[in-house]
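**Q** my questions concern the predicted model and sequence given below.
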Amino acid sequence: SLGRRLPITGPFMTADMGGLEVFDAISGYLFADLSKADQSLDAMRALVDSGKYGLKTGAGFYEWDEAFSAQMTKAREQELIRYLKRDMGLE
């Protein structure tokens, strides 16, 4: 989709927050049509194979302790609300 790219999170943190197993599964069927790759990054596959799915398991590309998780979730939500208010002319 044409989702917003947030300056709060980069691609690896976004994948961690959404679930690496989800991103890996999507990559498995989309990459064949969208790129020359036929699967996700080896680093992502290794994390998924070891049960490290990101935020939901506490580890992925990042270590997600309770404080870091709360901080990043709040920052992302605030940025999304800011975009929504701007788009609605409320800002």
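**A** Received it, and whenever you're ready, just let me know what you need. Numbering: from 1, shown residues only.

**Q** only C-alpha atoms for contact and neighbour calcs from this point on.
**A** Will do.

**Q** contacting residues around Ser27?
**A** Counting by Cα atoms under 8 Å, 6 or more residues apart in numbering, Ser27 makes contact with Asp38, Gln39, Ser40.

**Q** mind checking the SS state of it?
**A** Of the three states, Ser27 takes helix under DSSP: H, G, I helix; E, B strand; the rest coil.

**Q** filter the contacts of Ser27 down to the buried ones, PyMOL style.
**A** In PyMOL, this line selects whichever of the contacts of Ser27 come out buried by 16 or more other Cα atoms under 10 Å:
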select buried, resi 39+40
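
**Q** any chance of the contacts of Ser27 in a markdown table with pLDDT and distance to Gly19 as columns?
**A** A markdown table is the format used below for these (pLDDT from 0 to 100; distance: Cα to Cα, whole Å):
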| residue | pLDDT | distance to Gly19 |
| --- | --- | --- |
| Asp38 | 74 | 20 |
| Gln39 | 77 | 16 |
| Ser40 | 81 | 13 |
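
**Q** no further questions, thank you.
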